[in-house]
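**Q** let me see the structure of the following:
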Amino acid sequence: MINLPEDSPGLPAGPPAMLQPVDQRTHSVHGIVSLVAGCLSVMGLCAGFAANLSSPRQEFSSRDEALGYYAARLGCDLMMTVFPALVGLVAGILGLRLRDRKKGLAVAGTAISGGMLLLMVALLILGLVFVLVGGRASSTP
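**A** So this is what the prediction gives:
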């Protein structure tokens, strides 16, 4: 056996890597659900945009018919984006509160879901502003 001094540059400073403690914590189910729901919300937004862009231009006989059509489309778009984002946000917050669990997926899911909710609120406000301003601008000669 060769005796080397402890401060030799070729030896590691601490115990060997095999003896390092391994993180035994696992990801919480809430964190996984949060991330999946956030991703579903993003996919729902993309699907809603694709459906709205690919549909042919509609001709309506009355304003009420047009409002009903667009309200139905808005409802479908909101269900594809807001519902999964709300589920993801709640699950992510619950996942962050758990002890002795990894929190990476819960943080990512909460961030994605919260961002999607903020984006949808901003898009709704922007849409309402366009409808209100567009209605006034078209009624004046």
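**Q** quick one: stretch 119-130 to chain centroid distance?
**A** 18 Å (Cα atoms, centre = their mean, to the nearest Å).
**Q** hang on, isn't A106 packed against V36?
**A** No - assessed by Cβ atoms under 8 Å, A106 is found out of contact with V36, at 11.8 Å. For every residue, glycine as well, the C-beta is placed using N, CA and C.
**Q** okay, these two: which has more neighbours?
**A** A106 (27 against 16; other Cβ atoms under 10 Å).
**Q** can you list the low-confidence ranges for the chain?
**A** 1-20, 22-23, 135-141 (pLDDT under 70).
**Q** OK, contacts around S62?
**A** With contacts defined as Cβ atoms under 8 Å, 6 or more residues apart in numbering, S62 has no neighbours.
**Q** one more: G44?
**A** 77, 80-81, 84.
**Q** out of the residues you listed, grab the one that's most surrounded.
**A** T81 (24 neighbours).
**Q** which element is it on?
**A** helix 63-97 (DSSP states H and E).
**Q** and after that helix, which helix or strand comes next?
**A** helix 104-139.
**Q** what angle separates that next one from helix 63-97?
**A** Note on geometry: by axes from the mean of the first three to the mean of the last three Cα atoms, to 10 degrees, helix 104-139 and helix 63-97 are set 160 degrees apart in direction.
**Q** what comes up buried for helix 104-139?
**A** 105-114, 116-117, 120 (16 or more other Cβ atoms under 10 Å).
**Q** of all the residues you listed, which comes closest to A51?
**A** M120 (15.8 Å; Cβ to Cβ).
**Q** could you pull up the contacting residues of that closest one?
**A** Counting by Cβ under 8 Å, 6+ apart, M120 touches 45, 78, 81-82, 85.
**Q** again, only this time at 6 Å
**A** 81-82 (Cβ atoms under 6 Å, 6 or more residues apart in numbering).
**Q** again with C39
**A** C39 neighbours (Cβ under 6 Å, 6+ apart): none.
**Q** my understanding was that L89 contacts S113; is that so?
**A** Yes - between L89 and S113 there is a contact under Cβ atoms under 6 Å: 4.2 Å.
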